[in-house]
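Engineer: Quick one: sequence and predicted model below, then my questions.
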Amino acid sequence: MKLRDRISAELKTALKAKDKARLSTLRLISAAIKDRDIAARAEDRCGGCEETEIMAILQKLQKQREESADTYEKAGRLDLAEAERGEAAIVAEFLPKPMDDGEIADATAGVVSELDANGLKDMGRCMAELKTRYAGRMDFGKAGAKVKDLLTGAA
C-alpha cells in the first residue's frame, strides 16, 4: 500500500474512532503533503509529490515535533512536551525503521567505493545517491559526516 493511501486510511479510521490527537496529527500530515502536491504541480509534475518526498515531509515533521518537545521541556511545560512527543510517535509510524550508526557507516562506505569517489568534489554525488537509496531511513546529517570522513581519509 502506498504511503499516501495508508495515511488516508488511518485518517478515516481515526475520524471514525473519534481519536482527536491522532486525527489532528494525521490532518497535519495530509495538509503538508497536499501543500507539496500543489508545489509539484507548479513544477509541471501533475501526479503530485512522490513517495520519497512524502518520506522527507514525514521526517521533517517528526524532527520538528522532537525539537518542540525539547524546547517545551526546557521551559518546564511538560504537558506540551508530552503532546509533541505523542505527535512525533504518530508520524514515526509511517516512517521505516531508521538505520543505526553501523548501517549508516556500511551504506556510506559502499556508495563511496561504488561511485569511485576520491575527494570532497564527489561529496554531492555520494549524498545524492544515498538520498535516492535510503530516503526516510537514514539520518543524512550523520551520513554527511561519514562521507566527508571517508573522502578526506579521516576514517
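Structural biologist: Sure, I can see it.
Engineer: what's Phe94 sitting at in phi/psi?
Structural biologist: Torsion angles at Phe94 (phi, psi; degrees, to the nearest 10) stand at phi -90, psi 0.
Engineer: same thing with Gly136?
Structural biologist: phi 90, psi -10.
Engineer: okay, it: pLDDT?
Structural biologist: Gly136 carries a pLDDT score of 71 in this model.
Engineer: cool, and Asp122?
Structural biologist: pLDDT, Asp122: 81.
Engineer: And Ala40, by the same measure?
Structural biologist: 83.
Engineer: got a list of what it touches?
Structural biologist: By C-beta atoms under 8 Å, 6 or more residues apart in numbering, the contact list for Ala40 reads Gly47, Gly48, Cys49, Glu53. C-beta coordinates here come from the backbone N, C-alpha and C atoms, glycine included.
Engineer: 10 Å - rerun?
Structural biologist: Contacts for Ala40 (C-beta atoms under 10 Å, 6 or more residues apart in numbering) come out as Cys46, Gly47, Gly48, Cys49, Glu50, Glu53.
Engineer: mind listing what the second one touches?
Structural biologist: Gly47 sits next to Asp37, Ala40, Arg41 when contact means C-beta under 10 Å, 6+ apart.
Engineer: Now the second one: which helix or strand?
Structural biologist: Secondary-structure assignment from DSSP states H and E places Ala40 in helix 20-42.
Engineer: Which positions in that helix come out as buried?
Structural biologist: Neighbour-count burial for helix 20-42 flags Arg22, Leu23, Thr25, Leu26, Ile29, Ala32, Ile33, Arg36, Asp37, Ala40 (criterion: 16 or more other C-beta atoms under 10 Å).
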